[in-house]
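Trainee: Predicted model follows, preceded by the sequence.
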Amino acid sequence: MKSLLIKLWMYVKHPIGISMDFHRLINSGRFKKLRLKSLPPNYIYLDHFDENSVIVDVGSGSQAEFSTTMIERYGVRSFLVDPTLKHAPALKELEIKYAPQIRHLPYALSGINGETTFYESRENESGSLLKTHTNILHDTVREYKVQMVDLNKLLTFIPNSTIDFLKIDIEGAEYNLFSENNLQALSQVKQLFVEFHHMAFKDFKKKDTLKVVRQIEATGLQSFSWDGINYLFFRDQT
C-alpha cells in the first residue's frame, strides 16, 4: 500500500510519468523483441558492448551515472561531454577514479562551432543553452561563455573511428542540433540515444521531437521509444 501511495504521489507531482509508464506498457512487446536493456531513469540500449567499446556521453551530468554503470558492467571507455562549470570538480574526480576509462571534454554539443552563453541553474542539475528552458526561467541562474562543437569536431577528440553508443542529453538544444554535417557524422555511430525535452519548453512540442526523429531516421537508422519521449536509434539488426 505504501509503495502504491508513493507512486500515486509521484504521478500527481510529475503527471508526465503517467504517460511514460503507459508507453512502456504498450511498447513492452517490441522492447523484448529487440532484446533491449534498460538503466534508470530512462536509458535503453542494445547489449553489444565489451572492453573495446566507446561511449560518448553528451550532457553527462555531475555523476555521469550512465557512463559509470556501463564501465562497471562492460569495461567500456567513456568520454563525458559537459560544459557545466559546477559539474567540473565531480567529473575530475570520476576521471581519477576510473582512469583511464573516463575523459571529460568541457564542450557544448551544437550544430555549429563557436562560442555561446550557457545558463547554469543553481537549484537543479540541468542548465541549458536556451533561456526558455523551464529551469532557466524559474531558477537562480549563472551565465558564462562555453565552447560549442559540432559532432564532426567532437569526434576529432576521440581516438576511435566508430562510436558504439552516443548519448545526447542537452536540455532542448537537440532541436537545433542535427545540421547536415551532424547528420552525416552519425555514420560513425552504432547506437544513438537522444533525450528529448519538449515538456520543458513552451515553444517546443511533440511534433518538434518527431521532426528530429524523422531527420535521424533518414540517415538509415531505425528508431524505438520505450517511454514515448526519449529515443534509441540503431542499425538494422537483421
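Mentor: On my side now, so go ahead. Residues are numbered from 1 along each chain as shown.
Trainee: how about low-confidence regions in this protein?
Mentor: Applying pLDDT under 70 to the chain picks out residues 1-15, 237-238.
Trainee: What are the boundaries of the helices in it?
Mentor: 2-13, 16-26, 28-33, 65-74, 88-97, 134-138, 151-155, 180-185, 206-217 (DSSP state H).
Trainee: Would you mind putting those into JSON lines with mean neighbour count alongside?
Mentor: For every residue, glycine as well, the C-beta is placed using N, CA and C. Listed next are the helices of the chain as JSON lines, based on neighbours: other C-beta atoms under 10 Å:
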{"stretch": "helix 2-13", "mean neighbour count": "10"}
{"stretch": "helix 16-26", "mean neighbour count": "13"}
{"stretch": "helix 28-33", "mean neighbour count": "11"}
{"stretch": "helix 65-74", "mean neighbour count": "18"}
{"stretch": "helix 88-97", "mean neighbour count": "14"}
{"stretch": "helix 134-138", "mean neighbour count": "17"}
{"stretch": "helix 151-155", "mean neighbour count": "20"}
{"stretch": "helix 180-185", "mean neighbour count": "16"}
{"stretch": "helix 206-217", "mean neighbour count": "15"}
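Trainee: Just send those helices back as CSV, with distance to N113 too.
Mentor: Listed next are these as CSV, based on distance: least, C-beta to C-beta, whole Å:
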stretch, distance to N113
helix 2-13, 40
helix 16-26, 34
helix 28-33, 37
helix 65-74, 24
helix 88-97, 21
helix 134-138, 23
helix 151-155, 5
helix 180-185, 10
helix 206-217, 20
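Trainee: Nearest approach to P40 belongs to which of these?
Mentor: The minimum distance between P40 and the helices of the chain falls on helix 65-74, with 7.9 Å, by C-beta to C-beta.
Trainee: who does the closest residue to L91 other than its chain neighbours bridge with?
Mentor: Nearest residue to L91 in three dimensions, chain neighbours excluded: H104, at 4.3 Å (C-beta to C-beta, 6 or more residues apart in numbering). Judged by DSSP bridges, the bridge partners of H104 are L80.
Trainee: again, but for the one 5 residues further on
Mentor: With DSSP bridges as the criterion, the beta-bridge partners of L109 are V149.
Trainee: separation between it and T116?
Mentor: 11 Å (C-beta to C-beta, to the nearest Å).
Trainee: So those two - more neighbours on which side?
Mentor: Counted by other C-beta atoms under 10 Å, L109 and T116 do not tie: L109 has more neighbours, with 26 against 14.
Trainee: just checking, the more buried one touches E171?
Mentor: No. Contact criterion C-beta atoms under 8 Å: L109 and E171 do not qualify, at 11.2 Å.
Trainee: okay, and the common contacts of those two?
Mentor: Residues touching both L109 and E171 (C-beta atoms under 8 Å, 6 or more residues apart in numbering): G59.
Trainee: could you list every residue that touches R77?
Mentor: Counted by C-beta under 8 Å, 6+ apart, R77 has contacts 53-55, 71, 100-102.
Trainee: Show me just the buried residues among these.
Mentor: The neighbour count (16 or more other C-beta atoms under 10 Å) marks 53-55, 71, 101-102 as buried among those.
Trainee: Show me which of these is closest to T209.
Mentor: Closest to T209, out of all of the buried ones among the contacts of R77 and judged by C-beta to C-beta, is I55, at 23.2 Å.
Trainee: that older thread, now for the residue nearest to L91, how many residues are close by?
Mentor: 20.
Trainee: Give the full set of residues in contact with it.
Mentor: H104 touches 79-80, 82, 88, 91-92, 94-95, counting by C-beta under 8 Å, 6+ apart.
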